[in-house]
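>>> Just to be clear, the model below is a prediction. Sequence and coordinates:
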Amino acid sequence: MFSLNGTSFTNNSLSGVSRCLNQSSRRVSAPMVVVAAVNSNGKPGDGSVSVLVENALTESAAPVEMEVKSTVTGGVQDVYGEDSATEDQSITPWTLSVASGFSLLRNPHYNKGLAFSERERDTHYLRGLLPPVVISHDLQVKKMMNSIRKYDVPLQRYMAMMDLQEMNERLFYKLLIDNVEELLPIVYTPTVGEACQKYGSIFRRPQGLFISLKEKGKIHEVLKNWPEKKIQVIVVTDGERILGLGDLGCQGMGIPVGKLSLYAALGGIRPSACLPVTIDVGTNNENLLNDEFYIGLRQRRATGQEYSELLDEFMYAVKQNYGEKVLIQFEDFANHNAFDLLAKYGTSHLVFNDDIQGTASVVLAGLMAALNLVGGSLSEHTFLFLGAGEAGTGIAELIALEMSKQTGIPLEETRKKIWMVDSKGLIVKSRMEMLQHFKRPWAHDHEPVQELVNAVKSIKPTVLIGSSGAGRTFTKEVVQAMATFNEKPIIFALSNPTSQSECTAEEAYSWSEGRAIFASGSPFAPVEYNGKVYASGQANNAYIFPGFGLGLIISGAIRVHDDMLLVASEALAEQVSQENFEKGLIYPPFSNIRKISAHIAAKVAAKAYELGLATRLPQPKDLVAYAESCMYSPAYRSYR
Ligand SMILES: O=C([O-])CC(=O)C(=O)O
Ligand SMILES: [Mg+2]
């Protein structure tokens, strides 16, 4: 039995906790989580327990401390309260976590390792379980970076990072935030791609939630198995098109895990509010089906009704479990499902497709910034895409929409400035009958052209964008052609990971004699050409989705709208400084990403309010300051 502020309750009836703490919550303005550390070694007995109360949305607001008298009646380690009936329905339910001693050290959410203070070691039954030294969070970061840098192989660094995430979450996030430019290529593209390819062999501990065909009819219960109850962002994949690497089946889990790490580190979403999900309907990847270490269902992909029933059940269960304000990010689905899922659930759920919408927003931001270097307005440019899938057509549509907004010219007309080449050549009207629905708006009047280089020579684009997932397709001839009729050709090689990039930074600069304005999906080191150093930008949706999601969450948005993508692009483009432009950069450095995310979040939230899609009222006056105040900080909490 616990007693708090005069109210008693047992572990089994936590409604008392909710009631009691909600009363306390009137003293503070933000929703809260309660973390209590008590003796959980199973011995009944009285004990004075400190309870840390903090903002549940972000774990960031200044903690309010309350003394709790408790009587521990059993070896309870983690107990969770039911949703509380609060006056403000947007207030998050109470969570009561109880951990101490050995279990505290094994709990990645609360573990601080050698940073536990002397006093915490006394009060939380840690004496003897740690060596005597007490070190600071900063020193822990220094030590971890030293040890990670000792690994030469990126995959080893990835595994070290994943181990750390499972061991001490706040150290993991501090490391990532403080060293974002160095560690992004490890926990994200390109290394995460290799990790997914080898996921079965390197598998140690499960991360995220696996929902396979075996769980059909039980997804609601499966979601309940996940230890966190207050989820704000889900990233879900079915593994069919992982980066540009194709069908990796269940091993695609590395992607939702990686994306959500960035949601927390770059966008300040509370890690415990993030849920990575992989839907396993089988794989058509023969190598994986024959791999004895493969971790997924050993069958070919379910399609049609069987597939859509599983997705339907998942989407329904998510809304039932987490409400309508949970953001569901679709990631790395194949084209033939991605567009349909977005259209199907876009009117009933808060859904966002990162590959269609996030990539579009980041590329539009890069183009807006690039206009500062090349001049002209968006509608004065001509665009040619290699690849007419999710990324290609998503970007094209957003560019056309922005051009239409800027000029008042109808969308059908602005689309005509944009051309696409797919595996069968230039998309032209005579191919209309045979085209998938998402390619049709881009079929314009032109004679058939087979090769990209001939399409470039005929269309004479000012902007060339690669989004085909096929590496080394921007050949010397293609880049040279771009450079013959453009003083500063804009070239984006977006496919990931690095092996799938349409060309390298070095190729883009040397083949264009240093004139290209180049950006790529995966990072390239600066290149030296003719005695000059060229640094290129990373046109990756990682710039957008963390801040975009934060904006949706802080406004309590219930739907995603294209206008939110446009303002996210503007917000990102505004963050490119004169100094960046002078270096030829069209994206700001990732080292500023949390500030950038707060700006994106503020603009997205403002748009949600303007469109009547926001439910968190009243609207905060200063949305940038509000977004910043809501961001998760990995600083250790003190357990007193
Ligand atoms: O994950 C990334 O780096 C970008 C992305 O969404 C993709 O390539 O599918
Ligand atoms: Mg993706």
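Received, thanks. Ligands and ions are numbered 1, 2, ... in the order given.
>>> where does this structure have its least confident helix or strand?
strand 78-80 (a mean of 27; mean pLDDT, DSSP states H and E).
>>> Which positions in the stretch 201-350 of the chain make contact with ligand 1?
243, 332 (CB under 6 Å from any ligand atom). All C-beta atoms are positioned from the backbone trio N, CA, C, and that covers glycine.
>>> Name the spans of the stretch 151-300 of the chain whose pLDDT lies under the cut-off.
Along the stretch 151-300 of the chain, no part satisfies pLDDT under 70.
>>> Could you look up the SS state of the residue lying closest to Glu118 once chain neighbours are set aside?
Among residues not flanking Glu118 along the chain, Val134 sits closest, at 6.3 Å (CB to CB, 6 or more residues apart in numbering). Using DSSP: H, G, I helix; E, B strand; the rest coil, the structure places Val134 in coil.
>>> check contacts around Val134.
For Val134, the contacting residues are 114-118, by CB atoms under 8 Å, 6 or more residues apart in numbering.
>>> just Gly252 next, same as before
Counting by CB under 8 Å, 6+ apart, Gly252 has contacts 196, 237-240, 242, 278, 332.
>>> separation between the residue positioned nearest the centre of the chain and Thr278?
Taking CA atoms, centre = their mean, the centroid of the chain lies closest to Lys259, which sits 3.5 Å from it. In this view, Lys259 and Thr278 are 12 Å apart by CB to CB, to the nearest Å.
>>> same thing with Val421?
For Val421, the distance to Thr278 (CB to CB) stands at 32 Å.
>>> got the residues of the protein near ligand 1?
Residues of the chain lying near ligand 1 by CB under 6 Å from any ligand atom: 189, 243, 332, 354-355, 496, 521, 540-541.
>>> Of all the residues in the stretch 101-250 of the chain, which one is nearest ligand 2?
Among all residues of the stretch 101-250 of the chain, Leu243 sits closest to ligand 2, at 6.4 Å; criterion: CB to the ion.
>>> need the residues of this protein near ligand 2, please.
By CB under 5 Å from the ion, the residues of the chain that approach ligand 2 are 331-332, 355.
>>> so what's the residue in the stretch 351-500 of the chain that ligand 2 sits nearest to closest to, chain neighbours aside?
Closest approach of the stretch 351-500 of the chain to ligand 2 (CB to the ion) occurs at Asp355, with a separation of 4.4 Å. Once flanking residues are discounted, Asp355 sits nearest to Glu390: 4.3 Å by CB to CB, 6+ apart.
>>> number of nearby residues for that neighbour?
28 (other CB atoms under 10 Å).
>>> mind listing what it touches?
The contact partners of Glu390, taken as CB under 8 Å, 6+ apart, are 333, 335, 338-339, 353, 355-356, 359.
>>> do Lys603 as well
Lys603 sits next to 551, 567-568, 570-571, 623 when contact means CB under 8 Å, 6+ apart.
>>> cutoff 10 Å now
547-548, 551, 564, 566-572, 574, 623-624, 627 (CB atoms under 10 Å, 6 or more residues apart in numbering).
>>> With Val567 instead?
By CB under 10 Å, 6+ apart, the contact set of Val567 is 361, 548, 551, 561, 600, 602-608, 610.
>>> can you pull the pLDDT of the residue nearest to Glu118?
Here, the pLDDT recorded for Val134 equals 98.
>>> Could you find the closest non-adjacent residue to Phe314?
In space, not counting the residues next to it along the chain, Phe314 is nearest to Ile219; the distance is 5.4 Å by CB to CB, 6+ apart.
>>> Which residues are in contact with the single nearest residue of the stretch 451-600 of the chain relative to ligand 1?
Relative to ligand 1, the nearest point of the stretch 451-600 of the chain is Asn496 (3.7 Å; CB to the nearest ligand atom). By CB under 10 Å, 6+ apart, the contact list for Asn496 reads 188-190, 192-193, 242-245, 332, 359, 391, 469, 471, 520-522, 540-541.
>>> From these, which land in helices?
192-193, 359, 391 (DSSP state H).
>>> mind listing the strands for the stretch 201-350 of the chain?
209-212, 233-237, 274-280, 327-330, 350-353 (DSSP state E, counting those that start in this stretch).
>>> Kindly check the end-to-end length of stretch 318-327 for me.
10 Å (CA to CA, to the nearest Å).
>>> where's that stretch relative to the chain centroid, distance-wise?
Mean-position distance between stretch 318-327 and its chain equals 18 Å (CA atoms, centre = their mean, to the nearest Å).
>>> again, but for stretch 332-345
Relative to its parent chain, stretch 332-345 has a centroid offset of 18 Å by CA atoms, centre = their mean.
>>> OK, contacts around Ser201?
Ser201 neighbours (CB under 10 Å, 6+ apart): 251, 291-295.
>>> what two of those residues are the furthest from one another?
Gln251 and Glu292 (13.8 Å; CB to CB).
>>> Comparing those two, which residue is more hemmed in?
Between Gln251 and Glu292, Gln251 has the larger neighbour count (other CB under 10 Å), namely 30 against 6.
>>> Neighbours of the nearest residue to that one once chain neighbours are set aside, how many?
Nearest residue to Gln251, sequence neighbours excluded (CB to CB, 6+ apart): Tyr199, at 3.7 Å. The tally of other residues near Tyr199 (other CB under 10 Å) stands at 24.
>>> What are the phi and psi values at Val428?
phi -130, psi 160 (degrees, to the nearest 10).
>>> Quick one: residues contacting the closest residue to it other than its chain neighbours.
Using CB to CB, 6+ apart and skipping residues adjacent in sequence, the residue nearest Val428 is His446, 4.6 Å away. Taking CB under 10 Å, 6+ apart, we find His446 in contact with 419, 426-430, 455, 458-459.
>>> ChimeraX command for the buried members of those residues?
Buried members of the contacts of His446, identified by 16 or more other CB atoms under 10 Å, are gathered into one ChimeraX selection as follows:
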select :419,426,427,428,455,459
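>>> Can you pick out the most distant pair from the contacts of His446?
Of all pairs in the contacts of His446, the most separated under CB to CB is Ser430 and Ile459 at 16.2 Å.
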